[in-house]
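Q: I would like to see how this sequence folds:
(one chain, ligands or ions: 1)
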Amino acid sequence: MESQECGWLLYISLAAKCGGEPYRVVGFVAVLVVAFAVTSLAHWVAPGGPAWGRYWWNRKGVGIGHAIPGPRGFPVVGSMPLMAGLAHRKLAAAVATARSPAWRRLMAFSVGETRVVVTSDPDVARELLASPAFADRPVKESAYGMLFHRAIGFAPYGTYWRALRRVASTHLFSPRQVAASAAHRAVIARQMVDAMKSAAAGAGGGVVQARQFLKRASLHNVMWSVFGRKYELAAPESEETAELRSMVEEGYDLLGQLNWSDHLPWLAPFDLQKTRSRCSSLVPRVTRFVTRIIDDHRARLTLAADDFTDVLLSLHGNDKLSDADMVAVLWEMIFRGTDTVAVLIEWIMARLVLHQDVQARVHGELDRVVGPDRAVTESDAANLVYLQAVIKEVLRLHPPGPLLSWARLATSDVHVAGFFVPSGTTAMVNMWAITHDPTVWDDPTEFKPERFVVRSPDQATEFPITGSDLRLAPFGSGRRSCPGKSLAIATVGFWVATLLHEFEWLPPSDGPRRGVDLSEVLKLSCEMTAPLEARLRPRRAV
Ligand code: HEM
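A: As a prediction, the model looks like this:
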């Protein structure tokens with residue numbers, strides 16, 4: 001029997017013996033309250049707070065001398081407040097104000113009953129993300145509630161997850177597939193430019209809000225690749241896309257929130273934040289929506305695999321998916337592919353509105369490489385060296401997943417940065433802290449795309465952002481890194497080049513911040529709080 005259970009049995013038998021009637025009940029409750037307080041305090045004093053204290057208590061303190069350092073937070077809830085709001089900034093501040101520099105390498109803290117470690121060091125991040133012990137993810141109640149444990153992002157590491165990744169890598173994310181879908185992106189880019197042009201012409205002073213166009217364009221793009229559905233951006237929003245957009249927004253909200261029951265399981269029956277009931281209403285809507293599309297595909301009776309739904313339907317043997325699994329996989333692709341791209345493009349455009357000198361340099365490059373007589377194509381991307389540097393600099397300053405979106409879970413006892421990390425611990429990388437660390441980057445808070453421009457042939461090659469250098473790995477690294485990164489990079493590079501080739505993006509107002517508010521809000525991705533507004537001036541006559 002675990003020492004904790006023994007302790008509680010002792011308390012209860014003590015309480016039961018307490019006093020005679022009528023004081024027995026009062027005594028019983030009093031002993032339990034005192035016992036709860038004493039146990040909570042005993043757990044709380046350990047480095048890292050109550051969840052870590054409970055772990056060491058159960059091990060009778062063996063090895064506590066080598067415990068990972070970290071804040072205690074509060075009894076019972078631990079450092080739960082650190083994870084609310086802008087968690088990446090709060091965690092970075094906790095490390096910066098720590099007594100020991102060791103916290104930067106690995107810091108332990110408790111979120112209720114969840115043991116967590118976080119690193120703000122690129123070398124430890126590499127060690128952690130590459131380790132097979134961290135190939136799983138902690139599954140939140142909302143992820144289960146929304147079926148995501150059957151999709152790539154939250155499926156446990158194993159045969160099913162490997163099969164899904166293989167299918168997605170071959171049929172959706174391979175270089176050949178990414179190139180094949182370039183024509184879709186070009187059609188949507190043109191629609192976006194036309195829609196923005198007419199909005200700017202109709203608006204007072206040509207000021208438009210970019211977000212609505214970017215979100216609809218991203219949604220149409222994934223709908224085309226995943227479901228084979230095509231929409232017109234200038235047309236009023238169809239019922240189908242409006243329904244899907246509202247489901248994605250609800251899903252984002254649910255998955256992005258800090259759900260207390262994930263960390264204090266005794267709260268779960270009360271569903272205080274309505275997570276379970278909201279998931280229960282969302283899932284039938286998603287299932288109905290995706291099943292209808294799957295049925296449409298089945299009815300077409302074509303053998304050609306035009307989109308990802310066709311691909312999933314054509315699988316056979318061990319790879320064949322049940323309808324329920326197919327719904328989960330398709331829904332995740334729509335869900336993951338929509339907002340991330342729009343969020344990143346909005347940050348890029350915001351920086352370019354704010355830094356007009358950088359925008360002028362990008363315009364110069366576009367004029368040199370593309371010229372005014374034709375539209376940008378995806379094959380221009382390789383020659384738009386300065387624009388690539390701008391995108392990297394924005395990913396550094398505003399990584400859409402500052403804590404790499406979804407954490408990892410230790411599936412076995414493991415050593416990280418020389419510390420023992422027990423199985424069942426949640427592990428996070430604070431990518432935002434790394435990309436803002438003055439010991440890693442010069443002038444980390446300055447917007448300087450030049451830092452990514454390869455100046456001479458003897459300088460090391462381009463800075464890789466796909467996970468091999470953890471100083472900037474916005475798509476994660478290792479087995480569970482983002483499978484959609486090439487698609488995302490291609491889409492973002494091409495659409496940003498098009499939007500800049502077609503328009504001058506001018507500040508909506510004067511003043512030092514030029515009407516651009518860079519405040520951020522952390523949902524599932526880290527977004528701009530206030531949607532970007534810009535005055536668009538067309539640059540090309542055609
Ligand atoms: C700017 C765009 C994007 C960013 C910054 C981004 C970032 C990330 C990050 C940080 C992770 C976690 C990586 C880790 O744990 O090491 C991730 C996972 C994932 N991303 Fe992306 N992503 C983007 C676009 C996309 C797109 C377009 C898709 C698909 C259409 C996608 C699908 C996924 C999936 C399925 C996972 C889970 C992978 C797994 O657990 O095996 N992402 N992404």
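Q: residues touching the nearest residue to residue 272 once chain neighbours are set aside, list them.
A: In space, and not counting its chain neighbours, residue 272 is closest to residue 260: 6.5 Å by C-beta to C-beta, 6 or more residues apart in numbering. The way it works is simple: take the backbone N, C-alpha and C, and place the C-beta from them, glycine included. For residue 260, the contact set (C-beta atoms under 8 Å, 6 or more residues apart in numbering) comprises 80, 112, 267, 272, 273.
Q: Could you save those residues as a markdown table and add columns showing distance to the ligand, pLDDT and neighbour count?
A: Converted to a markdown table, the contacts of residue 260 look like this (distance: C-beta to the nearest ligand atom, whole Å; pLDDT from 0 to 100; neighbours: other C-beta atoms under 10 Å):
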| residue | distance to the ligand | pLDDT | neighbour count |
| --- | --- | --- | --- |
| 80 | 22 | 97 | 20 |
| 112 | 22 | 97 | 22 |
| 267 | 27 | 95 | 15 |
| 272 | 28 | 94 | 12 |
| 273 | 24 | 95 | 17 |
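Q: can you tell me which of those lies nearest to residue 59?
A: Taking C-beta to C-beta as the measure, residue 59 lies nearest residue 112 of these, at 19.8 Å.
Q: My read is that that closest one contacts residue 75, right?
A: No - using C-beta atoms under 8 Å, residue 112 is not in contact with residue 75, being 11.0 Å away.
Q: list residues touching both of the two?
A: residue 50.
Q: one step back: which pLDDT value does the model give the residue nearest to residue 272?
A: Note on residue 260: pLDDT of 95.
Q: got the phi/psi numbers for residue 531?
A: Dihedral angles of residue 531 (phi, psi; degrees, to the nearest 10) stand at phi -60, psi 140.
Q: Now it. Nearest residue, chain neighbours left out?
A: Counting by C-beta to C-beta, 6+ apart, the residue nearest residue 531 is residue 211, at 4.3 Å.
Q: Could you check how many residues crowd around the one you found?
A: Close neighbours of residue 211, defined as other C-beta atoms under 10 Å, add up to 19.
Q: Spell out which helix or strand contains the residue of the stretch 251-400 of the chain found nearest the ligand, please.
A: Relative to the ligand, the nearest point of the stretch 251-400 of the chain is residue 337 (3.0 Å; C-beta to the nearest ligand atom). Assessed by DSSP states H and E, residue 337 sits inside helix 323-354.
Q: what comes up buried for that helix?
A: 325-354 (16 or more other C-beta atoms under 10 Å).
Q: quick one: residue 257 and residue 274 touch, right?
A: No - applying C-beta under 8 Å as the test, residue 257 and residue 274 come out as separate, 10.1 Å apart.
Q: More neighbours: which of these two?
A: It is residue 257, of residue 257 and residue 274, that has more neighbours when counted by other C-beta under 10 Å, with 17 against 11.
Q: which other helices and strands contact the strand or helix carrying residue 219?
A: Assessed by DSSP H and E, residue 219 sits inside helix 210-222. Packing partners of helix 210-222 (3 or more C-beta pairs under 8 Å, 6 or more residues apart in numbering; DSSP states H and E): helix 182-202, helix 239-256, helix 323-354, helix 485-502.
Q: excluding its backbone neighbours, what's nearest the most centrally placed residue in the chain?
A: Centroid-nearest residue in the chain: residue 405, 2.8 Å away (criterion: C-alpha atoms, centre = their mean). The shortest distance from residue 405 to any non-neighbouring residue, by C-beta to C-beta, 6+ apart, is to residue 524 (6.5 Å).
Q: residue contacts, the residue lying closest to residue 136 once chain neighbours are set aside?
A: Spatial nearest neighbour of residue 136, chain neighbours left out: residue 409 (4.4 Å); criterion: C-beta to C-beta, 6+ apart. Going by C-beta under 8 Å, 6+ apart, residue 409 touches 134, 136, 137, 138, 424, 425, 426, 427.
Q: what residues does the protein put near the ligand?
A: Counting by C-beta under 6 Å from any ligand atom, the residues of the chain close to the ligand are 129, 152-153, 165, 332-333, 336-337, 340-341, 344, 400-401, 404-406, 474-478, 480-484, 487-488.
Q: which of those residues are buried?
A: Neighbour counting over the residues of the chain next to the ligand (16+ other C-beta under 10 Å) leaves 129, 152-153, 165, 332-333, 336-337, 340-341, 344, 400-401, 404-406, 474-478, 480, 482-484, 487-488 as the buried ones.
Q: How far off centre is stretch 100-115?
A: Its chain's C-alpha centre and that of stretch 100-115 lie 21 Å apart, by C-alpha atoms, centre = their mean, to the nearest Å.
Q: What is the end-to-end distance of that stretch?
A: Length of stretch 100-115, first residue to last, C-alpha to C-alpha, to the nearest Å: 20 Å.
Q: Mind listing what's buried along it?
A: For stretch 100-115, the neighbour count (16+ other C-beta under 10 Å) marks 102-115 as buried.
Q: Also stretch 268-284?
A: Neighbour-count burial for stretch 268-284 flags 271, 273, 275, 276, 278, 279, 282, 283 (criterion: 16+ other C-beta under 10 Å).
Q: any idea which of these is closest to residue 313?
A: Nearest to residue 313 among the buried residues of stretch 268-284, with distances taken as C-beta to C-beta, is residue 283, at 21.4 Å.
Q: Check what pLDDT that closest one gets.
A: Value for residue 283, per-residue pLDDT: 94.
Q: give the contact list for it.
A: Each residue near residue 283 by C-beta under 8 Å, 6+ apart is listed here: 145, 146, 147.
Q: sorry, back to before: so what's the residue of the stretch 251-400 of the chain closest to the ligand closest to, chain neighbours aside?
A: Distances taken as C-beta to C-beta, 6+ apart place residue 222 nearest to residue 337, at 3.9 Å, with adjacent residues excluded.
Q: and the one you found, how many neighbours does it have?
A: 26.
Q: Residue 248 versus that one, what's the distance?
A: Here residue 222 is placed at a distance of 10 Å from residue 248 (C-beta to C-beta, to the nearest Å).
Q: now do residue 331
A: From residue 331 across to residue 248, the span is 9 Å (C-beta to C-beta).
Q: wait, doesn't residue 386 sit right on residue 360?
A: No - if you go by C-beta under 8 Å, residue 386 and residue 360 don't touch, sitting 10.9 Å apart.
Q: higher neighbour count, these two?
A: Remark: of residue 386 and residue 360, residue 386 carries more neighbours, 18 against 12, as counted by other C-beta under 10 Å.
Q: And the more buried one, which helix or strand is it part of?
A: Element membership for residue 386 (DSSP H and E) is helix 385-397.
Q: now do residue 258
A: Per DSSP H and E: residue 258 is located in neither a helix nor a strand.
Q: Could you look up the next helix or strand downstream of the helix or strand encompassing residue 117?
A: Counting by DSSP H and E, the element that carries residue 117 is strand 114-119. Note on strand 114-119: by DSSP H and E, the next helix or strand toward the C-terminus is helix 122-130.
Q: what's that following helix in contact with?
A: Contacts to helix 122-130, defined as C-beta under 8 Å, 6+ apart, come from residues 105-106, 119, 134, 408, 416-417, 427, 429, 431, 434, 440, 467, 469-471, 473, 476-478, 480-481.
Q: Keep only those of those residues that are in strands.
A: Within the contacts of helix 122-130, residues falling in strands by DSSP state E are 119, 408, 416, 427, 429.
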